[in-house]
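In: with the input below, show me the fold.
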Amino acid sequence: PKEVSFSPSPRYSLKKHDRSFPPSVSASKPTQTFAPPGASLIPTDAPRPRKGELTHAAILETALALSAREGIEGLTLGMVAERMGMSKSGVYAHFGSREDMQVAVIHEYRDRFEQEIFFPVLELPRGLPRLQALFANWVKRVTQEIEQGCLYIGGAVEYDDRSGLVRDHLHESVVLWRSVLLRACNQAINEAHLRADTDPQQLLFDMYGLILVLHHDARFLKIPGCTERAQRGFARLIDACRNS
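Out: Have a look, this model is predicted:
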């Protein structure tokens, strides 16, 4: 489900699920319910978010939007405070340092990335259906991010030659995502959807290459039709690996 701005997002992590990537993981997803028209979306017995929690979520939402435009490294407490109409000390009260805020932005981005790309595929059969859905969801998200850029791709450019806590958390998130993709590739081979001699590492490499070219050509070169080219490239890649 889409997250509502300025409300704390639930914390789910691929770390909890990427080892076995089983169908049963879908049981850990939140159950979506719908209220009658005009009814409150918050159960009467549910504790309402406190003002401090709402403010924290609003600051994080702003920081995430600014980091997409300015980069993670360009994000500052003062910049967020100005955008929020708050004092710098007010932002500092929620994030003890610029680094803490940058790390929180990475975690929030990862949460949303997982919700949009990873969790929906758990309802599908293991193997190629999941792998195809993962790539399709990934392409959709990158396409939607063309104007502001992908935090994982842009962040890699910012921090490829840096060290420190922010890089560590960004690196961890990207490696975790790659491990999920690699596991999906292996499952497609194990389920005999792809040939037994398919190299899963090469398949992952080629998939990642398609996404990087899509991001580069659409965002930097402004070439039209990049989404369709990425989709066709993936289809050819899978066809070349299918069991005949």
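In: can you pull the buried residues of stretch 142-158?
Out: Buried residues in stretch 142-158, counting neighbours by 16 or more other Cβ atoms under 10 Å, are found at V142, E145, I146, Q148, G149, C150, L151, Y152, I153, G154, G155, E158. Heads up, the C-betas are built off the backbone N, CA and C, glycines and all.
In: contact partners for the fourth one?
Out: Yep, that's Q148 we're talking about. A65, A68, R69 (Cβ atoms under 8 Å, 6 or more residues apart in numbering).
In: angles on the backbone of it, please.
Out: When read as degrees, to the nearest 10, the backbone of Q148 gives phi -100, psi -20.
In: over to the third one?
Out: Listed backbone geometry of I146 is phi -60, psi -40, with angles given as degrees, to the nearest 10.
In: how close does it get to F205?
Out: Distance, I146 to F205, using Cβ to Cβ, to the nearest Å: 23 Å.
In: and what of the fifth one?
Out: In this structure, G149 and F205 are separated by 22 Å, where distance is defined by Cβ to Cβ.
In: which of the buried residues of stretch 142-158 lies closest to S173?
Out: Of all the buried residues of stretch 142-158, Y152 has the smallest distance to S173: 6.9 Å, by Cβ to Cβ.
In: got the contact list for the closest one?
Out: Y109, F113, L170, S173, V174, W177.
In: can I get stretch 218-236 as PDB, trimmed to CA atoms?
Out: The C-alpha trace of stretch 218-236 is given here as PDB (Å, rounded to 0.1, in the frame of the first residue of the first chain):
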ATOM      1  CA  ALA A 218      16.400   8.600 -19.600                       C
ATOM      2  CA  ARG A 219      17.700  11.000 -16.900                       C
ATOM      3  CA  PHE A 220      20.900  12.400 -18.400                       C
ATOM      4  CA  LEU A 221      20.500  12.000 -22.200                       C
ATOM      5  CA  LYS A 222      16.700  12.500 -22.200                       C
ATOM      6  CA  ILE A 223      16.300   9.700 -24.800                       C
ATOM      7  CA  PRO A 224      12.600   8.700 -25.200                       C
ATOM      8  CA  GLY A 225      11.500   5.100 -25.100                       C
ATOM      9  CA  CYS A 226      14.100   3.900 -22.600                       C
ATOM     10  CA  THR A 227      11.600   2.100 -20.400                       C
ATOM     11  CA  GLU A 228      10.400   0.000 -23.400                       C
ATOM     12  CA  ARG A 229      14.000  -0.700 -24.400                       C
ATOM     13  CA  ALA A 230      14.800  -2.000 -20.900                       C
ATOM     14  CA  GLN A 231      11.700  -4.200 -20.900                       C
ATOM     15  CA  ARG A 232      12.600  -5.700 -24.300                       C
ATOM     16  CA  GLY A 233      16.200  -6.200 -23.200                       C
ATOM     17  CA  PHE A 234      15.100  -8.100 -20.200                       C
ATOM     18  CA  ALA A 235      12.700 -10.200 -22.300                       C
ATOM     19  CA  ARG A 236      15.500 -11.200 -24.700                       C
END
